[in-house]
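**Student:** Following is a predicted model, sequence given first.
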Amino acid sequence: MKTSIRFSVVILILILLLVAGVSLTQAQQMGKTISPTNTISLGANLPWVSQYVHQVSYPLDVGRYTSLALRPYDDYPYISYYDQTNGDLMVASPYPGGGYNCGLNGNWWCQAIDGTNGDDVGQYSSIDVWGDSSANWKLGISYYDATHRALKTAIYSCYMGTCGWDIVTIGSPVFSNISIGLYTSFKFSSAGAPAIAYYMSDTLGSDAVYYAYPVASGGNCGEGPAIYLWQCDWVDVGDGVGQYASLDFSYDDQAFISYYDAGFGDLKYAYQVSSGNCGENNDWICTIINITGDVGLYTSLKAPQYLGDLLRIAYHDKTNGLLKYYDSSWGAVVVDDMGTSLSPMGISMDIDKDGYPIIAYQQIASEFSPPMLLVARPYLAFNDGSFGNCGAIPPGYQHLYWRCNILDPAAQYMSEADFVSVAVGSSGLAEIAYSEFYGYDAGDHAMSLKFIYQTLFHTFLPVTTRH
């Protein structure tokens with residue numbers, strides 16, 4: 001009886017998560033008249049549970065270039081990451097019953113997907129999952145092959161009980177000044193077609209952001225069995241153009257890419273059209289977001305998901321040490337102080353079930369503070385009678401809009417979220433994969449992989465323990 005009551009409550013909450021709340025567009029249209037009680041959203045208020053996925057000690061390093069995706073039909077999480085110690089591309093997935101090789105009591109399975117032949121592969125990994133049932137789904141990862149300075153992809157396909165990996169080199173350079181496949185971003189279209197945005201580095205200054213997709217024949221890239229089965233087109237070219245590329249598809253499968261122009265310190269984005277101002281075939285429109293300073297590092301983009309929806313980008317303002325958010329209505333607004341670092345600083349954004357952005361990011365409060373994992377959401381998502389606590393007041397509002405909360409405060413010698421990836425499931429609950437660096441000194445350091453997720457009344461994974 002108690003079990004059935006609890007199940008009914010869970011279903012009720014899930015229904016509320018799916019149907020309640022106003023969209024971000026609606027909130028902006030209401031402008032100054034909106035209050036924290038104008039929306040109902042339970043997801044933002046639910047607690048977080050954290051744990052180690054792949055915890056190691058000196059001298060191992062396994063949690064870099066973290067990317068998280070949820071299987072659409074059951075919200076099952078998959079994490080791609082780089083095992084720097086062995087030079088392997090890794091994928092982790094949970095097994096609540098235990099008995100596997102990672103996590104507390106073996107509740108995660110960590111697999112080396114590529115690199116076991118001795119090549120150094122797996123940097124700049126990006127993962128996505130597509131499908132509608134256990135009989136029809138795909139998992140795809142794009143990543144960098146450092147040994148050959150090449151772009152690779154690994155796609156796991158399941159159809160009617162037949163499953164398997166297909167690992168392909170999409171492009172490798174002929175000249176020593178070229179590296180292909182840094183800052184990759186992988187997405188499936190609504191029909192399950194893979195696509196990759198990536199950065200090509202040229203030490204002579206002709207860097208570029210590229211867009212790769214499979215073709216039936218006659219392509220200009222792809223190697224081995226995949227020769228001529230991929231098309232790789234440049235989108236924008238210039239010194240430092242294309243770093244931190246982030247790809248997403250809109251509701252009508254239009255491709256959008258945000259990226260950093262390191263040569264000019266600009267945030268840019270491009271979207272695919274029939275006739276544009278850039279691209280190999282003039283089939284992209286490239287736009288510079290006009291913001292003063294050196295901006296656009298660590299970009300994370302979400303394309304419009306319905307007619308009238310907004311284009312959104314989260315990114316770092318290096319000049320002022322700020323986390324910023326851009327959308328096609330407001331322009332650029334400050335979310336929080338983020339700090340600066342010579343090392344990567346994680347930023348990742350998704351959209352919740354009410355249409356509000358959720359941004360996971362690293363914050364370094366001061367020179368002597370440990371880097372922490374935080375999450376920022378609009379105050380409207382909480383519906384608790386309070387306004388925001390961080391950032392700047394955006395256009396049309398009289399109160400702070402963003403609520404910034406610490407999820408992992410780190411500890412002495414710890415650095416959280418150098419690499420971070422957030423995803424929101426069909427239930428509206430958020431999950432985050434991120435790195436943790438322990439660095440006592442040069443002779444005692446390690447990088448591990450962690451996971452934190454929101455829960456209703458139960459946990460499908462045990463709570464983390466810190467040693």
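**Tutor:** Right, received. Where do you want to start?
**Student:** Mind checking what helix or strand follows the lowest-mean-pLDDT helix or strand in the chain in sequence?
**Tutor:** Across the helices and strands of the chain, mean confidence by mean pLDDT, DSSP states H and E is lowest for helix 24-30: a mean of 34. Downstream of helix 24-30, the first helix or strand assigned by DSSP states H and E is strand 48-54.
**Student:** Quick check: neighbours of the very next helix or strand once past that following strand in the sheet, parallel or antiparallel?
**Tutor:** Downstream of strand 48-54, the next assigned helix or strand under DSSP H and E is strand 64-70. Sheet pairing of strand 64-70 (DSSP bridges) gives strand 77-83 (antiparallel).
**Student:** Run through the residues that contact the spatially most central residue of the chain.
**Tutor:** By Cα atoms, centre = their mean, the chain has its centre lying nearest to Ser421, at 4.1 Å. Residues in contact with Ser421 (Cβ atoms under 8 Å, 6 or more residues apart in numbering) are 66-68, 79, 346, 348, 360, 432-434. Every C-beta, even on glycine, is put in place using the N, C-alpha and C of the backbone.
**Student:** can you count the residues close to the spatially closest residue to it that is not a sequence neighbour?
**Tutor:** Distance criterion Cβ to Cβ, 6 or more residues apart in numbering; nearest residue to Ser421, sequence neighbours excluded, is Leu68 at 4.0 Å. Other residues near Leu68 number 26, with proximity taken as other Cβ atoms under 10 Å.
**Student:** Name the residues linked to Leu68 by a beta bridge.
**Tutor:** Residues in a beta bridge with Leu68, per DSSP bridges, are Ile79.
**Student:** pretty sure it is touching Asp75, no?
**Tutor:** No - counting by Cβ atoms under 8 Å, Asp75 is not a contact partner of Leu68; they are 11.5 Å apart.
**Student:** mind checking how far Gly218 is from Ile227?
**Tutor:** Gly218 sits 11 Å away from Ile227, going by Cβ to Cβ, to the nearest Å.
**Student:** My error: substitute Ala208 in the last question.
**Tutor:** Distance of Ala208 to Ile227, given as Cβ to Cβ: 22 Å.
**Student:** The two: who's more crowded?
**Tutor:** Using other Cβ under 10 Å, the more surrounded residue of Ala208 and Ile227 is Ala208, with 19 against 12.
**Student:** And the pLDDT at the more buried one?
**Tutor:** What the model reports as pLDDT for Ala208 is 98.
**Student:** Can you name the residues that contact Tyr440?
**Tutor:** Counting by Cβ under 8 Å, 6+ apart, Tyr440 has contacts Tyr413.
**Student:** Could you export the helix or strand where it lies as CSV, keeping only the C-alpha atoms?
**Tutor:** Assigned by DSSP H and E, Tyr440 belongs to strand 430-441. Extracted as CSV, the C-alpha positions of strand 430-441 are listed here (Å, rounded to 0.1, in the frame of the first residue of the first chain):
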residue,chain,number,x,y,z
ALA,A,430,18.9,17.7,-14.1
GLU,A,431,22.1,15.7,-14.0
ILE,A,432,25.7,16.9,-14.2
ALA,A,433,28.9,15.1,-14.9
TYR,A,434,32.1,16.9,-14.0
SER,A,435,35.8,16.5,-13.2
GLU,A,436,37.6,16.7,-9.8
PHE,A,437,41.3,17.5,-9.6
TYR,A,438,43.2,16.7,-6.5
GLY,A,439,46.5,18.5,-6.4
TYR,A,440,48.5,18.5,-3.2
ASP,A,441,51.8,19.1,-5.1
